[in-house]
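Visitor: my questions are about this predicted structure, shown below with the sequence.
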Amino acid sequence: MPHHGNHLRKYPVVLNTRSRIEFVRFESNKMDLHSIGDNSEEQQLRIAKMAYQLLISKIALSSREQTSSRYRALLRERNYITSANRVRQTDLYQDFNRVYSQKTLKKYQSILIESDEYSWLKVLTRNIERHVHPLRHLLFMDFLNVDYEALLNKNRDNGPFGEGPWPCLNKTASHYKKLVINKVLVSRDSKSGLPIGTFICGCEFVYSRKGPDKIMNDIYDIGRIKRLGSVWMAELNTLAKEGYSLRGMAKNLGVDAKTIKKYLNQQIEAQNEPKATDTLTVQRYRNQLIEGIKAYPNQSRTGIRNLFPSVYMYLYRHDRDFLFYHLPTRRKGFVKGNNVNWEIRDNNYYNAIFNLNNELRKMEKLLRITRSLVGKRLGILTNLEKHIDKLPKTKILLEAVTESNQEFQIRRCCRIIDEHINQFNEVALWKVQRIGAVRSSHFAVIRPVLEEYISQKRKETKHEETSY
């Protein structure tokens, strides 16, 4: 009972010696009020209290969509949501089983099977259209350390960076810190796995930061500035003309002094770079190119480029037609003779494909074995497509091991049948179809094959039992 913290027990009374409508007075000497002392007693008491809380609450205050969104918000806080907005089902399954013992889950008829794509935990965190028993909702809430009242007060999930809009953090803009950015691009940090949000403002200022946001003020943090934009550059030029120091400009523009120095130097280099309209400069580089080609008559285009990189790059940018007209003609590639021993290659390919086929069929995640898959895995796809007639043994083996869609569906369903027979000693074909994700029209074609396979498996199992 949630009020007293004790387990309900059956009162010791013999019904066949009493009337079924007789009033029974409880006697204290017949009642066992001692605690059972189960290690899971605290968990059971919390769930019992939440069940009572749920019974007296107004359930209509929260729809299934709202409940699902609040669950996702709690999962995101605990890092169970990826940057692609998917639930880390494997991590969730493992942590859930660490919190609740198999004995507890069995008591609540809520055992989880990781390979089952329709286990109640996956359904609860994926699909709001399917129903899950309220007791399992309570188990999930207890796992997330919230009760029903706390769940109702939880804000809905709006992604790792909130719902928006977000502020522009360009110090030089008139809309600085105003909520003017309506979209965020979310990517994943390759090292930490955390989401990264990129925010692009109309003033061309672009910044990013790692998420998820924990508090409201996180929206004003900058992790990295990706682009400063024209408004910022215009203000930099204005401050430079007014004679501000590097530190003064850095303070006003919201960046480091080294960044100010970098952009000022870039502008100086751009101003000093000779322009394409400077005919004297163009002619000077032309003459240097002609003299260089005469000095090294046997050099290729790449050789001339490596010998005179500055001349090559200037003419490439400002006088490309002249450059390509005077460079040495392209040299034809060296054509090798046909010295391939196709018989040896055929034997090597045969052995490699044979071994790869065995590995692919043993993989936990099934893949359809095709010529393209085999060729890409072994790096021989071009030869399999263009020179297969020179590889007779390989051709015969490929035809034997590659699968059509129907053959792959049968192999996938047979794997599922094996797993169900091993775990439950029974199998239902409708479950096999659902887990195998086979369309009804396709399943109708392969159903007789699967029925024959199940029959054969049962005969083998019966034979093994009678052998002992």
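Guide: Perfect, I can see it now. Everything quoted here is computed from the prediction, not taken from an experiment.
Visitor: output the contacting helices and strands for the helix ranked longest in the chain.
Guide: Criterion DSSP state H: the longest helix present in the chain is helix 440-467. With contacts defined as 3 or more C-beta pairs under 8 Å, 6 or more residues apart in numbering; DSSP states H and E, helix 440-467 has these neighbours: helix 405-424, helix 429-436. Using the backbone N, CA and C atoms, a C-beta is placed for each residue, glycine as well.
Visitor: thought residue 263 was touching residue 234?
Guide: No. Here residue 263 does not reach residue 234: they are 11.9 Å apart, not a contact under C-beta atoms under 8 Å.
Visitor: those two: which has the busier surroundings?
Guide: Regarding residue 263 and residue 234, a neighbour count based on other C-beta atoms under 10 Å identifies residue 263 as having more, with 18 against 11.
Visitor: helix or strand for the more buried one, which one?
Guide: Counting by DSSP states H and E, the element that carries residue 263 is helix 257-272.
Visitor: tell me the mean pLDDT over that helix?
Guide: If you average the pLDDT over helix 257-272, you get 80.
Visitor: got a list of contacts for that helix?
Guide: Residues lying outside helix 257-272 but in contact with it, judged by C-beta atoms under 8 Å, 6 or more residues apart in numbering, are 228, 233, 236, 237, 240, 246, 247, 249, 250, 253.
Visitor: and the next helix or strand after that helix, what's buried?
Guide: Moving toward the C-terminus from helix 257-272, the first helix or strand encountered (DSSP H and E) is helix 279-295. For helix 279-295, the neighbour count (16 or more other C-beta atoms under 10 Å) marks 282, 285, 286, 288, 289, 293 as buried.
Visitor: tabulate these (JSON lines), appending pLDDT.
Guide: What follows is the buried residues of helix 279-295, written out as JSON lines (pLDDT from 0 to 100):
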{"residue": "282", "pLDDT": "88"}
{"residue": "285", "pLDDT": "91"}
{"residue": "286", "pLDDT": "91"}
{"residue": "288", "pLDDT": "92"}
{"residue": "289", "pLDDT": "92"}
{"residue": "293", "pLDDT": "91"}
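Visitor: just to revisit the earlier point, now a ChimeraX select for only the buried ones of the contacts of helix 257-272.
Guide: Command for ChimeraX, covering only those of these found buried under the criterion 16+ other C-beta under 10 Å:
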select :228,236,249,250,253
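Visitor: now intersect the contacts of helix 257-272 with the helices, please.
Guide: When DSSP H defines the helices, the subset of the contacts of helix 257-272 inside them is 233, 236, 237, 240, 246, 247, 249, 250, 253.
Visitor: quick check: the gap between the third one and residue 258.
Guide: Using C-beta to C-beta, to the nearest Å, residue 237 is found at 18 Å from residue 258.
Visitor: grab the nearest non-local neighbour of residue 13.
Guide: In this structure, residue 13 finds its nearest non-sequential neighbour in residue 24, 5.8 Å apart by C-beta to C-beta, 6 or more residues apart in numbering.
Visitor: before we move on, the earlier item: tell me which of the ones in helices among the contacts of helix 257-272 is nearest to residue 315?
Guide: The shortest gap between residue 315 and any of the ones in helices among the contacts of helix 257-272 belongs to residue 233, at 29.5 Å (C-beta to C-beta).
Visitor: excluding chain neighbours, what is closest to the closest one?
Guide: What sits nearest to residue 233 in space, not counting adjacent residues and going by C-beta to C-beta, 6+ apart, is residue 263, at 7.2 Å.
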